[in-house]
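**Student:** Here is the input, now give the coordinates:
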Amino acid sequence: MTEKIIRFNDVYICAESFGEINNPTILLIMGATASMIYWEEEFCKRLSNQGFHIIRYDNRDVGKSITYEYGHPEYTFEDLADDAIQVLDAYKVDKAHIVGMSMGGIITQIIALKHPSRILTISLIMTSNFDSSLPQKDSKVTEALSELKIRNWQNKDEVVEYFIKKSKVLIGSKHIFDEEKIRRLNEEEFDRASNLQSMENHGLIKGWGSYLSRTNEINAPTLVIHGTDDTIIPYEHGIHLSEVIPNAVLVTLEGTGHELHHNDWDEIINAISKHAAN
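**Tutor:** Below is the predicted model of the structure:
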């Protein structure tokens with residue numbers, strides 16, 4: 001397990017791997033505003049113990065990867081999909097199982113359409129192709145999140161409290177909110193980020209529409225995992241993905257919100273492992 005900086009063109013991406021490199025590779029792609037540490041170390045090790053080589057990495061504008069001026073991301077979703085391929089190249093991986101959470105699931109769908117020869121399977125967690133017929137996120141959640149503001153991005157206590165409040169909004173009805181764990185994770189996020197405010201650039205990235213309108217053309221074996229209490233990307237989005245992608249399999253997490261909750265890890269890891277082994 002070692003972090004490394006991957007450099008290509010004028011970009012650098014921070015990545016980390018777990019497990020035996022000769023095992024089949026699973027590439028984990030995290031969602032908007034979150035670095036790779038939200039694929040927690042224990043989660044990665046447990047997945048690796050199923051017989052896989054695991055890679056997690058920081059998308060642009062989070063963690064230790066390249067950041068851009070706040071409000072001006074100089075890249076598109078297509079660039080983020082190409083970054084994933086650069087990460088695979090750096091580890092000399094020809095084909096991989098790709099797992100994407102939320103925004104990471106958008107990137108995964110684009111990879112499946114743009115780089116099909118590099119994919120063994122895909123797993124889409126709490127994500128969507130944002131078909132216009134699907135329900136919007138819960139208005140109460142939009143309201144609650146809009147009230148959360150960070151005045152001073154250098155103030156660790158303020159930033160960590162903001163993240164804790166945000167996490168509370170995302171959790172489903174099934175799980176008890178583990179504030180101590182969320183605090184620890186977000187303190188680490190604060191400490192390792194090279195420019196924390198840049199994470200907000202993820203809300204400004206363009207260039208996914210032309211790909212996500214073609215989700216039905218994905219021919220990689222697809223697993224869809226979605227929580228019934230997801231208020232950011234409602235459960236109907238997961239159902240839709242499982243119906244529009246040929247032969248996709250849907251795993252439903254009852255009472256789970258927009259989260260990778262520790263209590264769901266066994267079910268998620270088992271589902272991904274089984275899907276990748278077929």
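**Student:** Next one, pLDDT for the spatially closest residue to residue 242 that is not a sequence neighbour please.
**Tutor:** For residue 242, ignoring the flanking residues on the chain, the nearest one in space by C-beta to C-beta, 6 or more residues apart in numbering is residue 250 at 3.7 Å. Backbone N, C-alpha and C define where each C-beta goes, glycine included. We note a pLDDT of 98 for residue 250 in this prediction.
**Student:** what pLDDT does the spatially most central residue of the chain get?
**Tutor:** Residue closest to the average C-alpha location in the chain (C-alpha atoms, centre = their mean): residue 30, at 2.2 Å. Model confidence at residue 30, expressed as pLDDT, equals 98.
**Student:** Could you list which residues are in contact with it?
**Tutor:** Contact criterion C-beta atoms under 8 Å, 6 or more residues apart in numbering gives 36, 38-39, 56, 59, 62, 101-104 as the residues in contact with residue 30.
**Student:** again, 7 Å this time
**Tutor:** Neighbouring residues of residue 30 by C-beta atoms under 7 Å, 6 or more residues apart in numbering: 36, 38-39, 59, 101, 104.
**Student:** ok, these vs residue 140, which is closest?
**Tutor:** Lowest distance from residue 140 to these (C-beta to C-beta) belongs to residue 101, with 22.8 Å.
**Student:** how many other residues sit next to the closest one?
**Tutor:** Counted with other C-beta atoms under 10 Å, the neighbours of residue 101 add up to 26.
**Student:** ditto for the one 4 residues further on
**Tutor:** Counted by other C-beta under 10 Å, the residues lying close to residue 105 total 29.
**Student:** do the one 4 residues further on as well
**Tutor:** As a burial measure, residue 109 scores 29 neighbours (other C-beta under 10 Å).
**Student:** That one contacts residue 129, doesn't it?
**Tutor:** Yes: here residue 109 reaches residue 129: they are 6.4 Å apart, a contact under C-beta atoms under 7 Å.
**Student:** Could you name every residue contacting both of these two?
**Tutor:** Taking C-beta under 7 Å, 6+ apart as the criterion, residue 109 and residue 129 both touch 212, 215.
**Student:** which SS class is residue 173?
**Tutor:** Reducing the assignment to helix, strand or coil with DSSP: H, G, I helix; E, B strand; the rest coil, the entry for residue 173 is coil.
**Student:** Which residue, other than its chain neighbours, is closest to residue 22?
**Tutor:** In space, residue 22 is closest to residue 53, 7.3 Å off (C-beta to C-beta, 6+ apart).
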